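Enquirer: sharing a model that was predicted from the sequence below.
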Amino acid sequence: MNTIVLMALAATLGTWLVTALGAATVVFFKSPDPKILNLMLGFASGVMIAASFWSLLQPAIERAEAAGNPAWLVATAGFLSGAAFMWISDKVVSLARGRANDARGGPGERLGRIIMLVLSITLHNIPEGLAVGVAFGALRNEPFSAEALMGAFTIAVGIGLQNFPEGAAVSLPLRREGYSRRKCFLLGQASGMVEPAAGVIGALLVVYIEAILPFALSFAAGAMILVAVHELIPECQRNQKGQSYFATTGIVAGFAVMMLLDVMLG
């Protein structure tokens with residue numbers, strides 16, 4: 001059991017590292033190449049959408065059926081709960097950001113904007129860390145299955161890829177606010193620090209409370225789909241300057257790679 005939790009911790013430390021790499025762009029560049037960021041966001045969204053079904057929803061349905069539970073109810077309830085959790089998180093952040101904007105002009109204006117920016121990215125990293133943790137926690141009965149390991153690994157890779165531009169999205173605006181590169185990097189990477197903790201919690205929950213695994217897998221899928229569809233895909237389609245299919249190619253490629261791996265290993 002401890003091995004599974006350690007694997008989840010290692011995977012989420014990896015996604016945190018990618019966040020730090022994204023934040024480190026502030027040291028070398030004024031802004032990263034938008035084409036590359038769009039391609040990465042598109043690829044990550046394609047991976048996350050495919051992984052949501054093959055690595056999360058499909059195993060959730062199979063495990064619920066094996067346990068004699070109504071799979072349609074467990075999968076639907078978990079999926080909608082995950083999406084609702086992300087939606088509520090967005091609303092909380094938007095409300096806090098609105099209050100900070102209302103206070104514009106005061107001495108804490110710049111600090112308020114910075115806090116909201118970091119809080120927004122950090123809040124989104126919690127369900128992403130949970131998704132990775134749940135995926136690795138699902139290995140409790142088959143820790144060395146190539147198919148299951150690849151499914152958990154690809155979820156971590158997909159989330160890690162979209163963490164790179166998120167790290168940059170924190171550090172680069174802070175630099176434009178006049179903060180030092182060192183402080184921008186530290187705040188940018190800090191937004192990903194919640195992922196290892198969330199990953200360990202997700203893994204522990206499904207390892208020690210196996211009955212919630214189908215719901216937890218569906219929950220992670222709902223959260224990932226909402227992030228991909230509501231945030232990553234619209235973001236990667238912005239500022240394409242005549243290359244309208246560049247980011248779309250990334251989405252298709254990410255989905256195809258994830259599908260190929262799952263079908264080959266299945």
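Expert: Structure received.
Enquirer: okay, how far is it across stretch 171-181, tip to tip?
Expert: End-to-end span of stretch 171-181 (Cα to Cα, to the nearest Å): 8 Å.
Enquirer: any buried residues in the helix or strand where Gly160 lies, and which?
Expert: Using DSSP states H and E, Gly160 falls within helix 146-176. For helix 146-176, the neighbour count (16 or more other Cβ atoms under 10 Å) marks 147-175 as buried. Placement of C-beta: from N, CA and C, glycine included.
Enquirer: now do the residue nearest to Met193 when sequence neighbours are not counted against Glu166, distance only.
Expert: In space, and not counting its chain neighbours, Met193 is closest to Trp16: 6.3 Å by Cβ to Cβ, 6 or more residues apart in numbering. Here Trp16 is placed at a distance of 11 Å from Glu166 (Cβ to Cβ, to the nearest Å).
Enquirer: any idea of the mean pLDDT in the one helix or strand Gly188 maps to?
Expert: Per DSSP H and E: Gly188 is located in helix 181-190. Helix 181-190 carries an average pLDDT of 85.
Enquirer: now do it against helix 146-176, angle only.
Expert: Orientation check (axes from the mean of the first three to the mean of the last three Cα atoms, to 10 degrees): helix 181-190 against helix 146-176 gives 150 degrees.
Enquirer: nearest the middle, which residue of the chain would you pick?
Expert: Most central in the chain under Cα atoms, centre = their mean is Glu128, positioned 3.6 Å from the mean C-alpha point.
Enquirer: compute the number of surrounding residues for the residue lying closest to Val157 once chain neighbours are set aside.
Expert: Excluding the flanking residues, the one nearest Val157 by Cβ to Cβ, 6+ apart is Val47, at 6.7 Å. For Val47, the tally of surrounding residues (other Cβ atoms under 10 Å) stands at 31.
Enquirer: ok, Val47 - contacts?
Expert: Applying Cβ atoms under 8 Å, 6 or more residues apart in numbering to Val47 gives the contacts Thr154, Ile155, Val157, Gly158, Leu161, Gly254, Phe255, Val257, Met258.
Enquirer: now those residues as TSV including pLDDT and distance to Val27?
Expert: TSV is the format used below for the contacts of Val47 (pLDDT from 0 to 100; distance: Cβ to Cβ, whole Å):
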residue	pLDDT	distance to Val27
Thr154	77	30
Ile155	79	29
Val157	81	24
Gly158	76	26
Leu161	78	20
Gly254	85	28
Phe255	90	33
Val257	82	30
Met258	78	32
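Enquirer: quick one: which of these is nearest Ile201?
Expert: Relative to Ile201, the closest of the contacts of Val47 is Ile155; by Cβ to Cβ it sits at 16.0 Å.
Enquirer: would you agree the closest one is in contact with Ala51?
Expert: Yes: using Cβ atoms under 8 Å, Ile155 is in contact with Ala51, at 4.8 Å.
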